[in-house]
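**Q** sequence first, predicted coordinates after that:
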Amino acid sequence: MSEAAELADHLGYWLRIVSNHVSHSFARKLDAKHVTVAEWVLMRMLFGKAPMAPSLLADKMGMTRGAITKLADRLIEKELIAREPSRHDARSQTLRLTKRGQVLVPELAALADRNEAECFAHLSGRDKKDLQRLLKETVLRLGLTDIPVE
């Protein structure tokens, strides 16, 4: 019989446990505000910015244009974003936050901050910076560019 490392011997195993917990905890907090993680990401991408083309959002978020359209439709239905004709090209449209969306984004950002504080309160400031640096180095080395939305 050949050798096989234990699951817990892999760094990815521990990363997945932590990632799942952090993500699910945040998703539950957002759910109380009737927003999904993907909706939050799209809204955060629009916050403080000029209206943006759905195709640009798709590129930035690493999603298909069809997925962005479905996401935008849900947010439009919730009156958190609006779709309007582009000022530069009458054939295209842009997305922007509504006033309601602009008010909600800082509330959701505070939930993200609270979630992070709850999950990483046991780490010193130095440890948090080191962990973030190591993860960023790994992201760069692997060439990862998509924004996590799930």
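**A** Received, thanks.
**Q** now do the SS call for the most centrally placed residue in the chain.
**A** The centroid of the chain falls nearest to V41 when counting by C-alpha atoms, centre = their mean (3.9 Å). Counting by DSSP: H, G, I helix; E, B strand; the rest coil, the backbone at V41 sits in helix.
**Q** before we move on, what about E84?
**A** Classification of E84 using three-state DSSP returns strand.
**Q** partners of it in the sheet?
**A** On the basis of DSSP bridges, E84 is bridged to T94.
**Q** surely it and R96 touch.
**A** Yes. Counting by C-beta atoms under 8 Å, R96 is a contact partner of E84 at 6.8 Å. (Glycine included, C-beta is placed from N, CA and C.)
**Q** counting neighbours, go ahead and name the busier of the two.
**A** R96 (15 against 10; other C-beta atoms under 10 Å).
**Q** quick one, what contacts the residue nearest to that one when sequence neighbours are not counted?
**A** Computed as C-beta to C-beta, 6 or more residues apart in numbering, the closest residue to R96 that is not its neighbour in sequence is P51, at 4.0 Å. With contact set as C-beta atoms under 8 Å, 6 or more residues apart in numbering, P51 has these partners: 84, 86-87, 94-96.
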